[in-house]
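In: turn this into a model:
(chains A and B)
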Number of protein chains: 2
Amino acid sequence: MAATEVLNGLQFFEGVEKLLEIWFTTSDGNHKTADLRKIPRHKLEALMKIVRCEIISYVKNDQIDAYVLSESSMFVSKRRFILKTCGTTTPLLCLEPLLLMAEQYAGFTEVEDLYYSRKNFKRPDLQVTPHQHFDQEVALLDTLFPDGAAYCLGAVNRDCWYLYTLNPIPQRLPSLPNPDEPDQTLEIMMTDLDPEIMSIFTKEECLNATEATKKAGIDKIIPNMIIDDFLFNPCGYSMNGVTKNGCYMTIHITPEPDFSYVSFETNVPSSSYKEIISKVLETFNPGKFTVTVFSNQLSPTKDTSKELLFLNQLADWQRRDVQQCSIKNYDLVYAFFCRFPS
Amino acid sequence: MAATEVLNGLQFFEGVEKLLEIWFTTSDGNHKTADLRKIPRHKLEALMKIVRCEIISYVKNDQIDAYVLSESSMFVSKRRFILKTCGTTTPLLCLEPLLLMAEQYAGFTEVEDLYYSRKNFKRPDLQVTPHQHFDQEVALLDTLFPDGAAYCLGAVNRDCWYLYTLNPIPQRLPSLPNPDEPDQTLEIMMTDLDPEIMSIFTKEECLNATEATKKAGIDKIIPNMIIDDFLFNPCGYSMNGVTKNGCYMTIHITPEPDFSYVSFETNVPSSSYKEIISKVLETFNPGKFTVTVFSNQLSPTKDTSKELLFLNQLADWQRRDVQQCSIKNYDLVYAFFCRFPS
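Out: Numbering: from 1, shown residues only, chains lettered A, B, ... in the order given. A predicted model of the protein is given here:
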């Protein structure tokens, strides 16, 4: 997506996103009038400047504001802020100003939950501080959050996925507040993609985003989404989809064969994510992919996330790593698959 | 254990062990005549010199040779080699000579499985290269093993546990050889221990190891073990226990209040490790502890290791982290517990 960087005559773009999700609350837990969407647009734009990207499109309904960025996406709802940015963006640098804006404009004084995650970069050396190393990112986050816990799932020396989240010291049971709403997130991060499919996401093959969305079958992965899609010049693709009740999906595509990358993410509840995962794999046909599923106790996905633990094989892909991790109110499953050697 | 180091007038000893376990085989899988116990004693002594420790005691039966070292323990059986060393020892430096000795004297030409693991050090800066950082250790291991996978379980920025193991690229199913024997390992790594209990492991309070073993109740944790124990001067304790059929247990104690550490490890099969864990906790009363359980498909422990996943609370301790990881033939459960805030 966006402009690729040219280094030593070699073109490169880091498709792998940094994903920041924050749930806000107030000190008394009463947030009837607080709303992140009260943050003025020009303030969001100033925030994106710090992150080194900009807003290029958006759709809104009464549940959620969904922005397409020059580098990926941003979703703003009443008390949840999601910022997903690829390339050499610096989302952690916007944390302090964001917390101030959330207080000043939206009426939120507390961070209830925070998740910062990313796959290992293909070229960490090309990132901007503090994003060159997870240790750097953790050090920055640790200065802001005393209860932060940093995890690495998967093989540190091969493909892995980093997560920083708040995991306060437990008190005597019942220690943890029960979640007040069901929540789940499915993310699929794909590399080594089918070059024929990737060529759809170029201006050479498609006139515009709508054509690419249809041709690839992206509109059929989760039907009935209001889609806001963007085809970059000369290549690259982003889309946000939102439902009436505030669910989202988002796809970002870096199609270049040397560093192809596609990410898929949704919080649509489902009693089985296996079907959505299969549709995504059919749509993009990756050589390797990472799946993560977060689900809290109220989520209908809670049990289905366990499916992944027993799924040694998924069509043409063999599972190479699987890990499970419990954090606060969420169960998290991580799995990494490779295509069978041909 | 062993001599503590004096730095800037402050005494410190790193109780946290580096644990290396290797299973050998031959290229044709036939290892009737091969046996690691054919490696001559003086060769083992030369190996320990590289590791920066020495053999101080041993017991043997027809299944296993169990050595107490100046820094922890070594267990040698027909095709399994276990080296567990604390302080500033350098076990990874002995890998290449060990592989040569296994071929030259014992008749083993292949490494079937390898596990290198350790808790995060209290003072990584005092370690000797390559043990100052897990990345360094992984880099060294990666030069020797093309199929190595490195994991970090637990919170990278708090208490965590590192593992390097062989996890070859999967082939089409059925890809993995079934294990040919049941195997399991329970390890408990404890910090912030009860000072009154720790004082047992000093020459001031006990005349010798036998007295310390009895007084602390170590002989009652797993009965019917042949025990080889050692009380260091002025303080510190090590013990190996072996059973007739070749199972082992081993305990190592660094009793100093400023850096107290106790490790417990056994491969005794059990349909529930909860009882052994409870006995160990009662015996040492730690402020914090890490538990890891490895079990393969044939192990009677296989199901019980899942118990840990659902154990939010264990007597006075609250679970702070739990993770599950599948590697080759083994299921691995990691959990970290803290005493409830008083």
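
In: contacts, neighbours, all on C-alpha from now
Out: Noted.

In: what strand or helix carries A:Thr143?
Out: For A:Thr143, the host element (DSSP states H and E) is helix A:134-144.

In: do that helix and chain B meet at all?
Out: Yes: using CA under 8 Å from any CA of the partner chain, we find that helix A:134-144 touches chain B at A:Val138.

In: alpha carbons of that helix, as CSV, please.
Out: Taking Å, rounded to 0.1, in the frame of the first residue of the first chain, the C-alpha atoms of helix A:134-144 are listed here in CSV:
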residue,chain,number,x,y,z
PHE,A,134,9.8,-5.0,20.2
ASP,A,135,12.0,-4.3,23.3
GLN,A,136,12.0,-0.6,22.3
GLU,A,137,8.2,-0.6,21.9
VAL,A,138,7.8,-2.3,25.3
ALA,A,139,10.1,0.2,26.9
LEU,A,140,8.0,3.0,25.7
LEU,A,141,4.7,1.4,26.6
ASP,A,142,6.1,0.5,30.1
THR,A,143,6.7,4.2,30.8
LEU,A,144,2.9,4.8,30.3
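
In: now for it, which elements pack on it?
Out: strand A:148-154 (3 or more CA pairs under 8 Å, 6 or more residues apart in numbering or on different chains; DSSP states H and E).

In: and the strand it packs on with chain B, contact?
Out: Yes: using CA under 8 Å from any CA, strand A:148-154 reaches chain B at A:149-154.

In: so for that strand, what's the average pLDDT?
Out: Averaged across strand A:148-154, pLDDT comes to 97.

In: likewise for stretch A:281-290?
Out: 98.

In: ends of that stretch, how far apart?
Out: 11 Å (CA to CA, to the nearest Å).

In: flag every buried residue along it.
Out: Using 16 or more other CA atoms under 10 Å in any protein chain shown as the test for burial, stretch A:281-290 gives A:281, A:283-290.

In: repeat that for stretch A:249-263.
Out: Buried residues in stretch A:249-263, defined by neighbour count with 16+ other CA under 10 Å: A:249-256, A:259-263.

In: quick one on the thing from earlier: pull the most distant pair out of the buried residues of stretch A:281-290.
Out: A:Thr283 and A:Thr290 (15.5 Å; CA to CA).

In: residues of chain A that sit close to chain B?
Out: When proximity is defined as CA under 8 Å from any CA, chain A approaches chain B at A:138, A:149-158, A:169-172, A:318-327, A:340-341.

In: in helices, which of these fall?
Out: Within the residues of chain A next to chain B, residues falling in helices by DSSP state H are A:Val138.

In: filter the residues of chain A next to chain B down to the ones in strands?
Out: With DSSP state E as the criterion, strands contain A:149-154, A:318-327 from among the residues of chain A next to chain B.

In: and the gap between A:Lys274 and chain B?
Out: 20 Å (CA to the nearest CA, to the nearest Å).

In: please disregard the earlier target; I meant A:Thr243.
Out: Distance check for A:Thr243 against chain B: by CA to the nearest CA, it reads 34 Å.

In: you'd agree that residue is up against A:Ile226?
Out: Yes: counting by CA atoms under 8 Å, A:Thr243 does reach A:Ile226; the two are 6.3 Å apart.

In: where in chain A is pLDDT low?
Out: For chain A, applying pLDDT under 70 flags the ranges A:1-9, A:169-178, A:304-305, A:342.

In: repeat that for 90
Out: A:1-10, A:27-32, A:167-181, A:270-272, A:297, A:300-315, A:327-329, A:340-342 (pLDDT under 90).

In: for the spatially most central residue of chain A, which non-adjacent residue is spatially closest?
Out: Nearest to the mean C-alpha position of chain A, counting by CA atoms, centre = their mean, stands A:Leu19 at 4.7 Å. Leaving aside its chain neighbours, A:Leu19 sits nearest to A:Lys84 (4.4 Å; criterion: CA to CA, 6 or more residues apart in numbering or on different chains).

In: and the one you found, how far is that from A:Ala139?
Out: Distance from A:Lys84 to A:Ala139, counting by CA to CA: 20 Å.

In: the more surrounded of those two?
Out: Using other CA atoms under 10 Å in any protein chain shown, the more surrounded residue of A:Lys84 and A:Ala139 is A:Lys84, with 24 against 13.

In: list the helices and strands the helix or strand the residue nearest to A:Leu19 falls within packs on?
Out: Using DSSP H and E, A:Lys84 falls within strand A:80-85. Here strand A:80-85 touches strand A:18-25, strand A:72-77, going by 3+ CA pairs under 8 Å, 6+ apart.

In: rewinding a little: between the buried residues of stretch A:281-290, which is closest to chain B?
Out: A:Lys288 (12.2 Å; CA to the nearest CA).

In: just want the angle from the strand or helix carrying that closest one to strand A:148-154.
Out: Using DSSP H and E, A:Lys288 sits in strand A:286-296. Orientation check (axes from the mean of the first three to the mean of the last three CA atoms, to 10 degrees): strand A:286-296 against strand A:148-154 gives 140 degrees.

In: and strand A:286-296 with strand A:317-327, angle?
Out: Using the same axes, to 10 degrees: strand A:286-296 against strand A:317-327 is 30 degrees.

In: other SSEs contacting strand A:286-296?
Out: strand A:184-193, helix A:304-307, strand A:330-339.

In: partners of it in the sheet?
Out: Sheet pairing here is set by DSSP bridges, and for strand A:286-296 it gives strand A:184-193 (antiparallel), strand A:330-339 (antiparallel).

In: show me where the stretch 1-150 of chain A has its helices.
Out: Using DSSP state H, counting those that start in this stretch, the helices of the stretch 1-150 of chain A run over A:41-51, A:95-104, A:134-144.

In: among the ones you listed, which comes closest to A:Tyr116?
Out: Taking these one by one with CA to CA, helix A:134-144 is closest: 9.2 Å.

In: would you mark the buried spots in the closest one?
Out: Buried residues in helix A:134-144, defined by neighbour count with 16+ other CA under 10 Å: A:134, A:137-138, A:140-142.

In: try stretch A:286-303
Out: Applying 16+ other CA under 10 Å to stretch A:286-303 flags A:286-302 as buried.

In: and for stretch A:116-133?
Out: Buried, per 16+ other CA under 10 Å, within stretch A:116-133: A:116-122, A:126-127, A:130-132.
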